[in-house]
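**Student:** give me a model of this one.
(2 chains)
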Amino acid sequence: MKSSFSEYGLQSIYRLCCLFLFLCHLPVAADLLQTSEDENTLFKIAVLQQQDRAELIEHAQTTVNYLNTVFTDIRFTMQVCNAQEIIQQAADFDFMFVNPSLTIRLEKQQQGQALATLRHWVDRLAYNQLSNVLFTHIRRDDIQTLQDVHGKLLALVDEHSFSGSQLSQYQLQTYMDLNKELHLRPQASVLDVVKKVQTNLVDVGSLPSGVLERLQQQGKIDIEQFKILAAQKNNELPLAHSGHLYPEWAWIASPRVSQNMLDNVAISLLTMARKADYSWMIPANYQSVHQVLQSLHYPPYENYGKITFSELFKQHANWFYFALTAFFAFSVASINFTYLYHGISKVQANLEAELKERLRTEEALQAAIEQAELSNRSKSQFLANMSHELRTPLNAVIGYSEMLQEEAEDLGQTNYLPDLKKIHGAGKHLLALINDILDLSKIEAGKMDLYLETFNINDMISDVVTTIYPLIEKNHNNLEIHCVDDLGTMHADLTKMRQNLFNLLSNASKFTKNGNVALYIIRETTGGNDWVVFRICDSGIGMSPEQQARIFSAFTQADTSTTRQFGGTGLGLSITKKFCEMMGGEIKVESQEGIGSTFVIRLPTTVVEDVLDDDEIGSRHIYQGHILIVDRDTNLRDNLKRTLLEQGYEVFVAADAKQALKLSYKIHPNFVILDSEIPEGWSILVNFKTNADLQHIPVIVTTAEDHQVRAKSLGAVAYLEKPFEMPTLLELLQKHRTQKHWSCLVIEDDINARTALGRLLEHAAWFVFEAHSGQMGLRFIRHHRPDLILLDLNLPEMNGFEFIRQLRSKPQWRSIPIIVITARDLSPAEQKRLNNEVESILFKGTYTREQLLDTIDGLVCAVASDSKDMEQGTA
Amino acid sequence: MPKILLVEDNEMNRDMLSRRLTRKGFEVVIAVDGGQGVDKAHSENPDLILMDMSLPVKDGWTATKEIKADDATQNVPIIALTAHAMSGDREQALAAGCDDYDTKPIELPRLLGKIQALLGS
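**Tutor:** Below you'll find the predicted structure:
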């Protein structure tokens, strides 16, 4: 990468020098041209046919005619081809005149070399950059920003056009899934695109910059009838455009052209006078185009960030070997079977003894695990203490070396300065290392706390950007931030969030030189939750799949030589990962060696604290039911969610009709809070009230205008005018609470048995929560106290007896009824123990569906009277 | 020559900071705990106080509150110095009456900026 950069630079300088010589000594240059005869006297030029820039074919012809007049003994011919033909027959052509995306492809796959970049003239000024323009009819009030293009029809001429299609798709992919939420409508000509938008047959048009102005000049359209989306204003391109600026088309030479010929053609192109609106200049930097193609997974980056076929094959090969080995082992085992048969009687005798031995081993193992956990905790504690102790003397080393530098400077003894700087630098590196170790050991010791607060996302970003800027500039990188101006607020740990972004951005700038670092931030709603997604992309050295698998583990960078070359502690990414997980989010990486890396952090907009401290558990965690909030206002959603979580509701959110209905079928909420002003808002209400599965769910409608009559007539139980007070809402929820839905926790490691029990209870209108181990069960109860527990006794990690012991040791959980469902025979001692602790014991395979439900019904009456007492008690 | 009272119990930190401030043209007087800090705020009549927060005898928050409660010393600006960079530290220091706040390890240019800002006014 780096060498090609410098080569490229040298060649540009070389060509410039040639140009200079040519201008100073025209006769000499003429000599050069005459003596430069190649054996080849016919040169073929391929010209890309891109419908939305058809005028360039004319310019290509003008250029070819010009070359034919300059080189008297050589003939140049031109052929108009599509992209596919140019790639397939690249070896047959000497020169190619193509758009920026094809330029990258030819450079990367065919060793093509850009000789010159197209320059177009507007009035009396020359420009060598292009862009795309996204536009809609001036009266389309529903389309104001790029976000509104979501789900709309987009007219364009050619899907393979760089400036007419690829740039627009690149810009829009921040806001939508291009495959599902954008509908392309290819047209025969640029005029058709404009007319379709004008007559509202499609919603939005996408064209190369400059096309609208040209049609206006020709008197074919009135540009005032259109509205440019995301319009950019800058002096570098005085034409309407929506995106960033990218270099114009390029004149590429194939590797088979001799160096001599190459230089002569380059000189000729650069000295060609302006013809119509076009001329040539020295090749531009096409680096920015790479990022567009990577992001869209277009050639030559169609496999960027994906698993390649060969890797897949490798994976399958492993399975194949595994299957082969297993088969072989199985065959050997079968042969041995006869021998084994004879041994069985002997084995049977030994079996009992072994069983006893195993039980003893298991006990010992359990003890060993506990011991190991204990010593791991004390290790982390020790590290945390040590780090504090180490910091004090280290601060002295750093401080005194800094002070000595100042003194040496004041006294003019500058010969000491380099050594003092080294001491100071090493001290600071050590301090960073210790700080990271401290963080990591705090996390491992469970002592890292979350300080949750509500903060403005844009403010946090600008804060981080200011801090990171010196690092970006150090390696001559370019930092781009892509986000809307009003991302709103999030509720999370601000310090840890800043540290995460700082870590990823400083990594990106450390491993990238003379390249691009970009940060994309968007909000999204999926799976009933609001998320903020941060995407950090760089065009740096990248990583192999093996390296990617390692980077999140502590003390490992991509490989050991990285530390020597780039410095750093190797702890940053594992800390970042832990922080993300603490906040209920995740981090992912995509990378390709030599191309760049992309890290993506997804965090919930409202982080919920994981209550692990047993002392804090109180009655506030009594489960109240599921609530679904359907609203487009993310701030309101966040506020509501926080309040309702505190009240003991499990909260889900949806931003549109589709999500709302899908979630409702899945979770069967106790309440729906619906903003009728979202698109299709009223029809959601109608849908709810006409559907047998959903009509019993009370819907509370909120609007900014008075629609009380309409809401009531469509079946809403209550109506709230925005802005409303939280206590009013809580009162409504209290008032319209339908008969309480009982919740049951099923703890069972066998998935089939668990699902069967769950389904049985769900049919009887219970809310069912499932856990596959005792540990997970306890963790769940800390958040939501269920009304009933169904418990299997044979569980991994913590068995049923231990679960009961731990559960009953907490006063507030002592009254939760338990039904044990087991397949094992119980000893009299076990039976006695259970009788004291649980409500009922059922043996697997012996009870019927009705028996189970009867047992449960009996318990429910008892629980109902208990919980009534409790509510009266708390009220 | 502006006079600075440095209240700091760690000997090395004290030595370093006082030498560096002296070289920058300040007169520096020293107190090694919170009690001494309050006494010297009276007797030495300093132009500014640099106050470590975790101090023996009387901690920095208490010392600051006492200095700010006394009519004779309440106008002397105080900058809090703490080793922790927790988000609550700054608020706690300002709540105790400190005029500004800086974290250790000290970055001299940054601290000098804060000192100058307070002395200038």
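
**Student:** only C-alpha atoms from now on, for both contacts and neighbour counts.
**Tutor:** Fine.

**Student:** chain neighbours aside, what residue packs nearest to residue 65?
**Tutor:** All of this is about chain A. The shortest distance from residue A:65 to any non-neighbouring residue, by CA to CA, 6 or more residues apart in numbering or on different chains, is to residue A:76 (8.0 Å).

**Student:** wrong one, chain B
**Tutor:** Closest residue to residue B:65 in three dimensions, ignoring its sequence neighbours and counting by CA to CA, 6+ apart: residue B:96, at 5.6 Å.

**Student:** tell me which element the residue nearest to residue A:65 is part of?
**Tutor:** Element membership of residue A:76, judged by DSSP states H and E, is strand A:75-81.

**Student:** that strand pairs with which strands?
**Tutor:** The sheet places strand A:75-81 alongside strand A:42-48 (parallel), with pairing taken from DSSP bridges.

**Student:** gap between the residue nearest the centre of chain B and residue B:96?
**Tutor:** By CA atoms, centre = their mean, the mean C-alpha position of chain B lies nearest to residue B:50, the distance being 1.4 Å. Residue B:50 sits 14 Å away from residue B:96, taking CA to CA, to the nearest Å as the criterion.

**Student:** now swap in residue A:699 and tell me
**Tutor:** To residue B:96, residue A:699 is 50 Å away according to CA to CA.

**Student:** ok, now residue A:172?
**Tutor:** Shown here: residue A:172 relative to residue B:96, a distance of 52 Å by CA to CA.

**Student:** residues contacting residue A:45?
**Tutor:** When contacts are counted by CA atoms under 8 Å, 6 or more residues apart in numbering or on different chains, residue A:45 touches A:76, A:77, A:78, A:79, A:93, A:94, A:95, A:96, A:97.

**Student:** let's see it at 10 Å
**Tutor:** Contacts here follow CA atoms under 10 Å, 6 or more residues apart in numbering or on different chains; on that basis residue A:45 touches A:60, A:64, A:76-81, A:92-97, A:251-254.

**Student:** for chain B, what helix or strand is lowest in average pLDDT?
**Tutor:** Evaluated with mean pLDDT, DSSP states H and E, the helix-and-strand set of chain B has its lowest mean pLDDT in helix B:87-96, which scores a mean of 74.

**Student:** and that one, what's buried?
**Tutor:** For helix B:87-96, the neighbour count (16 or more other CA atoms under 10 Å in any protein chain shown) marks B:89, B:90, B:93, B:94, B:96 as buried.

**Student:** quick one: the fourth one and residue B:80 touch, right?
**Tutor:** This points to residue B:94. Yes - at 8.4 Å, residue B:94 and residue B:80 qualify as touching, with contact defined as CA atoms under 10 Å.

**Student:** okay, now residue A:374: neighbour count?
**Tutor:** Using other CA atoms under 10 Å in any protein chain shown, residue A:374 is surrounded by 11 other residues.

**Student:** pLDDT score for it?
**Tutor:** Per-residue confidence (pLDDT) for residue A:374: 76.

**Student:** can I get the CA coordinates of stretch A:220-239 in CSV?
**Tutor:** The C-alpha coordinates for stretch A:220-239 follow below in CSV (Å, rounded to 0.1, in the frame of the first residue of the first chain):
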residue,chain,number,x,y,z
LYS,A,220,-35.6,20.7,-21.1
ILE,A,221,-36.4,21.2,-17.4
ASP,A,222,-36.9,23.9,-14.8
ILE,A,223,-34.5,23.2,-12.0
GLU,A,224,-36.7,25.2,-9.6
GLN,A,225,-39.3,22.4,-9.6
PHE,A,226,-36.9,20.2,-7.7
LYS,A,227,-35.5,20.0,-4.2
ILE,A,228,-32.0,18.8,-3.7
LEU,A,229,-31.6,16.4,-0.7
ALA,A,230,-28.7,16.9,1.7
ALA,A,231,-27.6,19.7,-0.6
GLN,A,232,-23.8,20.5,-0.1
LYS,A,233,-22.5,24.0,-0.6
ASN,A,234,-18.8,24.5,-1.4
ASN,A,235,-16.5,26.2,-3.8
GLU,A,236,-14.9,23.1,-5.0
LEU,A,237,-17.9,22.2,-7.1
PRO,A,238,-20.5,24.8,-8.1
LEU,A,239,-23.0,22.2,-9.2
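
**Student:** for stretch B:91-111, list every residue counted as buried.
**Tutor:** Going through stretch B:91-111 with 16+ other CA under 10 Å, the ones that come out buried are B:93-94, B:96-103, B:105-106, B:111.

**Student:** quick one: that stretch to chain centroid distance?
**Tutor:** In this view, stretch B:91-111 has its centroid 8 Å away from the chain centroid, taken as CA atoms, centre = their mean, to the nearest Å.

**Student:** what's the span of it, first residue to last?
**Tutor:** Across its full length, stretch B:91-111 reaches 18 Å between end residues, using CA to CA.

**Student:** drop anything exposed from the contacts of residue A:45.
**Tutor:** A:60, A:64, A:76, A:78-81, A:93-97, A:251-254.

**Student:** the residue nearest to residue A:65 and residue A:62 touch, don't they?
**Tutor:** No - using CA under 10 Å as the test, residue A:76 is too far from residue A:62 to be in contact (11.6 Å).

**Student:** between the two, what contacts are shared?
**Tutor:** residue A:68.
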